[in-house]
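Colleague: Need a 3D model of the following:
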Amino acid sequence: RPALTRVALSADIETAVAGTPPPRVVIILRLYLAPLLDRLARPVDGRVPFAVLDLDDDEVTTRERLAWLHAQRGHAGHATDEDDECQRYRVLESAWLRRFDRVCVCSEHDREVVSRRVGHTGVVVVPNAIPAIVPPAVR
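Modeller: Numbering: from 1, shown residues only. Coordinates of the predicted model:
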């Protein structure tokens with residue numbers, strides 16, 4: 001998620017929302033897009049919109065696990081890459097999560113882990129939709 005991509009995306013978003021009324025709610029999907037909050041959360045009558053971050057994955061834990069798996073398989077370079085990515089996600093979490101009114105995760109386990117890691121009391125569970133709509137016989 002290079003900074004250049006985020007800058008280009010920010011410009012596209014600003015163009016798309018130009019001339020529209022300020023939002024009352026801003027929902028951002030994925031941790032790496034959290035910095036877009038500053039571009040999207042334009043005040044409404046002096047009030048900042050309600051901000052929601054949907055973490056469809058706990059990227060810090062995922063990257064930690066991937067680094068461990070690569071290390072176990074003897075792929076030191078890949079392990080280092082994943083560990084570096086994990087650290088970037090930690091920085092994003094630390095800088096951005098508390099700026100959101102709600103942070104959605106897909107499981108109680110993720111809620112406990114993310115809440116504890118960043119000290120955010122607004123982490124809530126919103127289960128992923130696919131398991132709920134796939135018939136049991138197909139699972």
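
Colleague: Any idea how many residues pack against residue 62?
Modeller: Here the number of neighbours of residue 62 (other Cβ atoms under 10 Å) works out to 14. Every C-beta, even on glycine, is put in place using the N, C-alpha and C of the backbone.

Colleague: That one: what secondary structure?
Modeller: Of the three states, residue 62 takes helix under DSSP: H, G, I helix; E, B strand; the rest coil.

Colleague: any idea how far it is from residue 68?
Modeller: 11 Å (Cβ to Cβ, to the nearest Å).

Colleague: give me the low-pLDDT residue ranges for the chain?
Modeller: Along the chain, the parts satisfying pLDDT under 70 run over 1-8, 10, 44, 130-139.

Colleague: can you pull out the helices in this protein?
Modeller: 3-17, 37-40, 59-72, 76-96, 108-118, 129-133 (DSSP state H).

Colleague: follow-up on the earlier one: give the intersection of the neighbour lists for residue 62 and residue 68.
Modeller: Common neighbours of residue 62 and residue 68 are not found (criterion: Cβ atoms under 8 Å, 6 or more residues apart in numbering).

Colleague: Share the number of residues neighbouring the nearest residue to residue 115 once chain neighbours are set aside, please.
Modeller: The spatially closest residue to residue 115, leaving aside those adjacent along the chain, is residue 123, at 4.5 Å (Cβ to Cβ, 6 or more residues apart in numbering). Neighbour count of residue 123, defined by other Cβ under 10 Å: 23.

Colleague: surely residue 123 meets residue 100?
Modeller: No. Counting by Cβ atoms under 8 Å, residue 123 sits too far from residue 100 to count as a contact (9.4 Å).

Colleague: spatially speaking, which residue is in the middle of this protein?
Modeller: residue 31 (2.2 Å; Cα atoms, centre = their mean).
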